[in-house]
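**Student:** Here is the input, now give the coordinates:
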Amino acid sequence: MLDEILKYAFNHDCSDIHLVAKMPPIVRKLGKLVRLEYPELTAHEVTSWINGMLNHDQQRLYNEGHDIDTAYTDQLKNRYRLNIFRAQGQPAIAMRLLRNKIPTIDQLGLPQVLKTLADEPRGMVLVTGPTGSGKSTTLAAMIDYINERHAKHILTLEDPIEYIHQPKKALINQREVHRDVHGFDAALRSALREDPDVILVGEMRDFETISLALTAAETGHLVFSTLHTTGAASTIDRIIDVFPPHQQAQIRTQLASVLKGVVSQALIPRIDEPKRVAVHEIMIMTDAIGNLIRENKIVQINSSIQTGSRLGMQSLEACLASYIKEGAINLETALEFSSNKEFLKRLI
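**Tutor:** Residues are numbered from 1 along each chain as shown. Now for the predicted structure:
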């Protein structure tokens, strides 16, 4: 049954699969949950699948009550990111489908300015958005772009490893948290002694990781990472708020000097075809935006983004408006995702 469910999800372009005891299998298709026509899964079925997906150490940790993040490859060599957990004492699996072939920036239809950010010699580039917005795929495409063009050492720190990169022009080392290293903070400390040019941090989750990532960017590395934030201004606020008040002025100065760009994205269902389209807000660091960060006038960044289109900047509302005019999405859906509904209405 598991093979049938995985095959269905792959053939119908689903993004996620949920296998929970006492529920039928559920997939996420075009952002919406769909129950498959199967009987309710038993705890025995789900537990047997879990045991087939985990190694001995992971099984021991799961049996001790831990949640497990890992990756899984099925018989057809399709890869999945897994979170294995319990809900009300019942075993459960959440699976995210991954592509075996890494799509390019052009194939994904991403803004061309992402190539400019990937060509930066040093600094920090952040890709942000809610869970399931395609951040990992965007980052994988940017890393692949570097891999094809630059003879650099790329070091990725992930939990778990999602896309497998094959070395092209670059040397690539991919490290998985809990398998190759204990945590993101330990991996970042070690990374500075491993001669990387480019560092991908799967997620900046805490004070220690954010602080070390900023230091890595400040010491001449190009650092990519993600945050679960929407919009450049809220991303910068989130980073600053992680630090105690007496350090925040210093962090604002540090951010203004190392941040190269923030790409905030979401996936929206199209109305012209059964797919989703990625919409983006893009902030490129300029002297003016750097001054706003240093002077703690972050709320004014949105105005700079709206007037910075010639530099490759783009507000989320401008992106939404362009897709509405193309007939790809409708106004009602766009308003759900917009953080400035009045501005969006004026644009269209």
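
**Student:** where does D144 land in three-state SS?
**Tutor:** Applying DSSP: H, G, I helix; E, B strand; the rest coil to D144 yields a three-state assignment of helix.

**Student:** Stretch 180-193: how far from the chain's middle?
**Tutor:** 20 Å (CA atoms, centre = their mean, to the nearest Å).

**Student:** Give me the pLDDT for E218.
**Tutor:** As predicted, E218 sits at a pLDDT of 95.

**Student:** Then T131?
**Tutor:** Residue-level pLDDT assigned to T131 equals 86.

**Student:** hey, where'd the strands end up in the stretch 201-348 of the chain?
**Tutor:** Applying DSSP state E, counting those that start in this stretch to the stretch 201-348 of the chain gives strands spanning 222-227, 259-269, 276-284.

**Student:** Buried deepest among those strands, which one?
**Tutor:** strand 222-227 (a mean of 24; mean count of other CB atoms under 10 Å). The way it works is simple: take the backbone N, C-alpha and C, and place the C-beta from them, glycine included.

**Student:** residues in contact with it?
**Tutor:** By CB atoms under 8 Å, 6 or more residues apart in numbering, the residues outside strand 222-227 that reach it are 120-128, 135-136, 139, 142-143, 197-204, 213, 216-217, 235, 238-239.

**Student:** let's see it at 7 Å
**Tutor:** Strand 222-227 is contacted by residues 120-128, 135, 139, 142, 197-201, 203-204, 213, 216-217, 235, 238 when judged by CB atoms under 7 Å, 6 or more residues apart in numbering.

**Student:** one step back: could I get the strands of the stretch 201-348 of the chain as TSV with mean pLDDT?
**Tutor:** What follows is the strands of the stretch 201-348 of the chain, written out as TSV (pLDDT from 0 to 100):
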stretch	mean pLDDT
strand 222-227	97
strand 259-269	95
strand 276-284	95
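
**Student:** Any chance of a ChimeraX selection covering the buried ones in the contacts of strand 222-227?
**Tutor:** Here is the ChimeraX selection string for the buried members of the contacts of strand 222-227, based on 16 or more other CB atoms under 10 Å:
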select :122,123,124,125,126,127,128,135,139,142,197,198,199,200,201,203,204,213,216,217,235,238
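
**Student:** Mind checking which of the contacts of strand 222-227 are in helices?
**Tutor:** Among these, the ones falling in helices (DSSP state H) are K135, L139, M142, A213, A216, A217, T235, R238.

**Student:** Just the closest of the residues you listed to N51, please.
**Tutor:** K135 (30.5 Å; CB to CB).

**Student:** and F184, what are its phi and psi?
**Tutor:** The phi/psi pair for F184 (degrees, to the nearest 10) reads phi -60, psi -40.

**Student:** wouldn't it be in contact with E158 here?
**Tutor:** No - counting by CB atoms under 7 Å, F184 sits too far from E158 to count as a contact (9.2 Å).

**Student:** quick one: contacts of stretch 57-74?
**Tutor:** Contacts of stretch 57-74 (CB under 7 Å, 6+ apart): 6, 50-51, 53-54, 79-85, 159-162.

**Student:** Just the buried positions in it, please.
**Tutor:** For stretch 57-74, by 16+ other CB under 10 Å, it's Q58, Y62, I68, D69, T70, A71, Y72.

**Student:** Could you tell me how many residues sit around the nearest residue to E37 once chain neighbours are set aside?
**Tutor:** Of all residues not flanking E37 in the chain, P24 sits nearest, at 7.5 Å (CB to CB, 6 or more residues apart in numbering). If you count neighbours by other CB atoms under 10 Å, P24 ends up with 15.

**Student:** repeat for H150
**Tutor:** 18.

**Student:** Can you tell me how far it is from A141?
**Tutor:** Between H150 and A141 the computed distance is 15 Å (CB to CB, to the nearest Å).

**Student:** Ok, which of the strands of the stretch 201-348 of the chain comes nearest D13?
**Tutor:** Of these, nearest to D13 by CB to CB is strand 276-284, at 9.3 Å.

**Student:** which helices and strands sit right next to that closest one?
**Tutor:** Judged by 3 or more CB pairs under 7 Å, 6 or more residues apart in numbering; DSSP states H and E, the packing partners of strand 276-284 are strand 259-269, helix 301-306, helix 316-326.
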